[in-house]
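**Q** Provided below are the primary sequence and the corresponding predicted coordinates.
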Amino acid sequence: MKIGILQTGLVPTELADTTGEYPAMFERFLEPHGFDFETWSVVQNVFPDGPQDADGWLVTGSRHGAYEDHEWIAPLEDLIRAIVAADKPLIGVCFGHQIIAQALGGKVEKFAGGWAIGPQTYAFPDGAKTIQAWHQDQVTALPEGAQVVASNEFCKNAAVLYPGKAYTVQPHPEFDDTFIHGLLETRGPGVVPAPLLEEASAKMGGPLDRADLGLQFARFFRERSIA
């Protein structure tokens, strides 16, 4: 099964040599599940011809806001709607989670409560899962028919199922401790309040439920279900 990765952001140059770009992280994350991949860097206005170019689609994270005025945002929303109409399974992570909601009629905002960074624990139907996060924006209104499947006190709409169509998550299961450490050093200072940076750093090194999310993603691509 070929997964088309829609790259919506670039890794900080200070980290890219070590971690690779976001598509490389997803390829490593999903490696146990036997997919093939092709990437289109939509953030650089490189788009596929259409939904038929892959069997399933994944929209990455980004430092950009879904509500910002970039020339690639509207074409990406059109492509998302086309993927859904073509009945191709679609997954979104962080910015991907947000832009899919926005494209399908939801709302994304800069969250008044501020940032979530580092390991965060969310209530899923099958139990609590701890996953890395790095975001200030959130989905604050869901499209019609969308179902919340994970949340915590800070992020109400942390994972959303569009039955048979899409599955999206706000946190970053593709991020490991090494990458978060890099973000804490390169993107955090002067942007994220210092106490949050210190708290995130102190929580690093614990177990993460990345494999559980990888299994969810693989199951959704193949079966349109996360359970």
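**A** Done, it's in.
**Q** thought residue 225 was touching residue 219?
**A** Yes. Using CB atoms under 8 Å, residue 225 is in contact with residue 219, at 5.8 Å. The C-beta positions use only the backbone N, C-alpha and C, and glycine is treated the same way.
**Q** More neighbours: which of those two?
**A** residue 219 (15 against 12; other CB atoms under 10 Å).
**Q** by contact count, what packs against the helix or strand hosting the more buried one?
**A** Using DSSP states H and E, residue 219 sits within helix 210-223. If you count contacts as 3 or more CB pairs under 8 Å, 6 or more residues apart in numbering; DSSP states H and E, helix 210-223 packs onto strand 90-93, strand 127-135, strand 166-169.
**Q** So what's the residue count around residue 166?
**A** 28.
**Q** can you give me the strands in the protein?
**A** 2-6, 36-40, 56-59, 90-93, 107-110, 116-124, 127-135, 137-141, 147-150, 159-162, 166-169 (DSSP state E).
**Q** Would you mind pulling up the elements that the second one packs against?
**A** On a contact count with 3+ CB pairs under 8 Å, 6+ apart, strand 36-40 meets strand 2-6, helix 22-29.
**Q** Quick one: closest of the ones you listed to residue 172.
**A** Of all the helices and strands packed on strand 36-40, helix 22-29 sits nearest to residue 172, with 8.7 Å by CB to CB.
**Q** Buried residues, the closest one. List them.
**A** Residues of helix 22-29 classed as buried: 22, 23, 24, 25, 26, 27, 29 (neighbour count, 16 or more other CB atoms under 10 Å).
**Q** Alright, calling it a day.
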